[in-house]
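Take a look and give me a structure for this.
(2 chains)
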Amino acid sequence: MDDLYRQIILDRYKNPVNLGQINDGLKVEDINPLCGDHIKIWLKIKDQTIVDAKFQGSGCAISIAATDILMDLIKGKKLKQILSLSGSEIEDELDIKLTSVRKRCAYIGLEAIKKIKNSFSGL
Amino acid sequence: MKSNFPIFQHHPNLVYLDTAATALKPQSVILAQTDYDTKFSANIHRGLYQISQTASQLYDQSRQNIADFIGADFSEIIFTPGTTSSINLLAKSWGEPNIRSGDEIIVSLMEHHSNFIPWQQLAAKKNAVLKLIPLTADFTLDLNSITQLVTPKTKLVALTHISNVLGTINPIKDITRLIKKINPKTLVLVDAAQSVAHLPLDVTNFNIDFLAFSGHKMYGPTGVGVLWVKQNHYPSMSPSSFGGGAVSQVFTDRTIFQPPPYCYEPGTPPISQVIALSQAVDFIKFVGWSKIIAHESKLTDYALKKLSSIKNLKIIGPQSHHSGVISFVFNRPGLPAPHDLGDILSRQFNLAIRTGFHCAMPLHTQLGLDTGTNRLSFGIYNTLADIDTLIKGINYSLKIFS
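Down below sits the predicted model:
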């Protein structure tokens, strides 16, 4: 029905599987001042590896769905690998092509995740 | 009416519902701008040659025309780059010399950032108190609270005429009467950005002290706006930006400024924009207030009725005194967020609405609208068919998310 709002995005928006908090996790967040999307992510990290990831926030379907999928993508990955993740990998995962305005929506989780740099030296 | 707006020749199917952000430009305004650039592109008040005199004459006539339009005097019109600059100029040129520690400035919760931040920052700098007029449950200003907020220490009340989010039309004349009854020395600034093209303004009738508006929201060009200052406040103000054209004599140790408004307009002004803004005034007068008001009320009533019939859609605005600015949200999880709706309407229906916080974050925060709102707003070129397309687009979007 719509090239952008595919079933995977709608499903992940309505029923995100990685919603929640991790009590002793590292918290990172990002805000998109343009539309107000606000995403908070909690990461459980062991031996420089993400062992669990959850998120909460408010935003549009694209930002929520993309962040939910991002949580799947980063679990089991080394911190260094995560820092090299690019926005296009998220677009590939969602199987969509985004306009520049909507890229900011899809990348909000990624922008938040990259802030782990501030908590770990030598990354 | 669409035939007066050349953008529709380039985008015949465009449904433009974002006049609150910027109004489209009629042919006469576009011509006025290009006429300056092609026929008498000279600086003003400086050259002795013919085209400079032509430009100067048109520039001065434009100031008079714009002054007449709001019931003001020629010298009370200060040209600025827009509403934001107008209010910042006032905060610097009037606020800085007049606001002292312990003074109070009152703004409302429905202000656009441009009529909020300059006063918030000035209050912080001067150790003054910033007070907020709250809203009623019907999204109007709580007029009862105004009588409690205004005190002998209140120096300024800065208020919008029409909310750029809620569409609420504030009864400026009544509010000013309330304020001045409690403290006749309290000055009133009105942000008329959202009203100048939609309701007749008369600064004398309003009994206010300052007024700000932008050219581009009234079918004029970008880059020009107005700060109106009631003449008797000029002695308490001083220039806050400096340069050529605003001075009569400059010595190595001091400067003698031109009288207002010129001392507040240093540098080469936006000449073609001012001349084109005057054309925008003529365009509004040509269409006529009765026609503008009747047409926009018809559109507003129709849109409110149609939107109200959509399930899970909540209009964020008052029951009555509603201008042609309408905001709404879907109030059930899993439905399109404003950004989603705006995107689908644009791609599938060539329809322009605005989504987000509309530069009014304190308002959205207070109302708990954490993903913003969807906003449509009307201009003289809109039709009932535009609203039908919007309703079709909303239903289509809801179907995608169902």
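
For stretch A:87-101, measure first residue to last.
End-to-end distance for stretch A:87-101: 13 Å, by Cα to Cα, to the nearest Å.

Buried residues, that stretch. List them.
A:Ile90, A:Glu91, A:Leu94, A:Ile96, A:Leu98 (16 or more other Cβ atoms under 10 Å in any protein chain shown). For the C-beta atoms, the positions are set from N, CA and C on the backbone; glycine is no exception.

Could you do stretch B:309-316 as well?
So, applying 16+ other Cβ under 10 Å, buried residues of stretch B:309-316: B:Leu313, B:Lys314, B:Ile315, B:Ile316.

pretty sure the last one contacts B:Thr168?
Meaning B:Ile316. No. If you go by Cβ atoms under 8 Å, B:Ile316 and B:Thr168 don't touch, sitting 10.2 Å apart.

between the two, what contacts are shared?
Residues touching both B:Ile316 and B:Thr168 (Cβ atoms under 8 Å, 6 or more residues apart in numbering or on different chains) are B:Phe139.

if I pick B:Gln64, what's in contact with it?
B:Phe74.

and B:His364, that's in a helix?
Yes. Checked against DSSP: H, G, I helix; E, B strand; the rest coil, B:His364 lies within a helix.

Just name the closest of the buried residues of stretch A:87-101 to chain B, please.
Distance ranking of the buried residues of stretch A:87-101 against chain B, using Cβ to the nearest Cβ, places A:Leu98 first at 9.7 Å.

Show me what residue 78 is bridged to.
Unless you meant another one, I'm taking chain A. A:Thr49 (DSSP bridges).

you looked at the wrong chain, it should be chain B
With DSSP bridges as the criterion, B:Ile78 is bridged to B:Leu227.

Tell me which residues touch it, please.
For B:Ile78, the contacting residues are B:Ser86, B:Leu89, B:Val226, B:Leu227, B:Trp228, B:Val229, B:Pro260, B:Pro261, B:Tyr264, B:Glu265, by Cβ under 8 Å, 6+ apart.

ok, it to B:Trp228 distance?
Separation of B:Ile78 from B:Trp228 (Cβ to Cβ, to the nearest Å): 8 Å.

how about low-confidence regions in chain A?
A:121-123 (pLDDT under 70).

Point out the residues in it that sit beside chain B.
A:1-5, A:10, A:13-14, A:34-38, A:58-63, A:101-102, A:105 (Cβ under 8 Å from any Cβ of the partner chain).

at 10 Å what do you get?
A:1-6, A:9-10, A:13-15, A:32-38, A:57-64, A:98-99, A:101-102, A:104-105 (Cβ under 10 Å from any Cβ of the partner chain).

Now the buried members of the residues you listed.
Taking 16+ other Cβ under 10 Å as the criterion, what is buried in these is A:2, A:4-5, A:9-10, A:13, A:32, A:35-38, A:57-64, A:98, A:102, A:104-105.

taking those one by one, which sit in helices?
Within these, residues falling in helices by DSSP state H are A:Ile9, A:Leu10, A:Tyr13, A:Ala61, A:Ile62, A:Ser63, A:Ile64, A:Arg102, A:Arg104, A:Cys105.

I'd assumed A:Thr67 was in contact with the first one.
No. A:Ile9 is not in contact with A:Thr67 according to Cβ atoms under 10 Å; the separation is 11.5 Å.

Show the residue spans covered by the helices in chain B.
Here chain B has its helices, by DSSP H, at B:7-10, B:27-39, B:50-69, B:83-90, B:96-98, B:117-126, B:143-149, B:172-182, B:203-206, B:271-287, B:289-308, B:338-349, B:361-367, B:384-400.

Would you mind measuring from B:Met110 to chain A?
Going from B:Met110 to chain A by Cβ to the nearest Cβ, to the nearest Å gives 17 Å.

quick one: contacts for that residue?
B:116, B:132-135, B:139-141, B:159-160, B:162-166, B:168, B:170, B:360, B:362-363, B:366-367 (Cβ atoms under 10 Å, 6 or more residues apart in numbering or on different chains).
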